[in-house]
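Participant: Following is a predicted model, sequence given first.
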Amino acid sequence: MTQNLPVALVTGAGSGIGRCLAHVLAHEGYAIAAIDINEDSLNAACEEMKTHVIAGRVADVTDAAGLALATRELESELGPIDLLVANAGIGIETSGLQYDVENMNKVLNVNLIGVSNSIGAVLPGMIERKRGHLVAISSVASYRGLPRMLAYCASKAGVNAIMDGLRVELAPIGIHVTTICPGWIKTPMTENIHNPEPLLDVETAAQEIMYAIRKKLAFHAFPRLMRWKMGLITSLPRSWQDAIIRRMVKRLDAKKKTSSEAAEVSAGKLEAR
């Protein structure tokens, strides 16, 4: 076990935000208990951080029993979990015009049930010790349902609801609960998605998340402009919200079409050469 180091359990630690955040937490003085479903990514992350205290286990957050076992093994190696960062998540386009139940369930299982399973793996111990910090990575997409993002928005809204309820119940025990709602971040999950907003780099996002963890904030959404836009839109009547979102989707589709046509023209010129 680690000597006097708090232990942070990070799910989805093999890539993207989770990997970057594991580095930041290690520099902040945490021992890292890393979990990821991808063994190669997890091993690479652990190798990168071998100068810090880190241990990793391969586990699927949708498998409650397997995740609990992996958590117990990590705790036996590093010590009890002081901080959970439930970060593991996926994004798949889910549209009402091509409603795919399999894809809907896949996103909901990882992004919502996976967070619940992660909490379940560490919360009993935190309650027994009367200390701890639960952090869940949600999204500004949790503010309302968006076209083609049905499952993603629903999963993140569900995470917010769980965390809101937990925060009220656990505060008297001494357990902190933080919900993080980032905007679009440049990760492997978003690299092929046309976004209406600029992408944040993972380093900036990790620092924003770390700020919320240090301050033990109840809720933190960023970047400020996107948070403000979504807050304003969702304060309007539903019919107005729908009209605004519809126009945004049309503009995004037009931009996507223009980009695609430009790429085809460019490819044609290269081929002609």
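Facilitator: That came through, no problem.
Participant: pretty sure Glu102 is in a helix, no?
Facilitator: Yes - the assignment for Glu102 by DSSP: H, G, I helix; E, B strand; the rest coil puts it in a helix.
Participant: That one and Leu5, how far apart?
Facilitator: In this view, Glu102 and Leu5 are 42 Å apart by Cβ to Cβ, to the nearest Å. Any C-beta I mention is one placed from the backbone N, CA and C, and that applies to glycine too.
Participant: Can you pick out the residue with more neighbours from these two?
Facilitator: Leu5 (17 against 7; other Cβ atoms under 10 Å).
Participant: Excluding covalently adjacent residues, which one is nearest to that one?
Facilitator: Spatial nearest neighbour of Leu5, chain neighbours left out: Ala31 (4.3 Å); criterion: Cβ to Cβ, 6 or more residues apart in numbering.
Participant: pretty sure Ala65 is in a helix, no?
Facilitator: Yes - according to three-state DSSP, Ala65 belongs to a helix.
Participant: Show the low-confidence segments of the chain, by residue range.
Facilitator: Along the chain, segments meeting pLDDT under 70 span 1-3, 187-198, 258-273.
Participant: helices and strands around whichever strand in the chain runs longest, which ones?
Facilitator: Counting residues, the longest strand found in the chain (DSSP state E) is strand 175-182. Here strand 175-182 touches helix 114-129, strand 132-137, helix 150-170, helix 202-215, strand 219-222, going by 3 or more Cβ pairs under 8 Å, 6 or more residues apart in numbering; DSSP states H and E.
Participant: Can you get me the centre-to-centre distance for that strand and its chain?
Facilitator: 11 Å (Cα atoms, centre = their mean, to the nearest Å).
Participant: Which strands border that strand, and is each parallel or antiparallel?
Facilitator: If you go by DSSP bridges, strand 175-182 pairs up with strand 132-137 (parallel), strand 219-222 (parallel).
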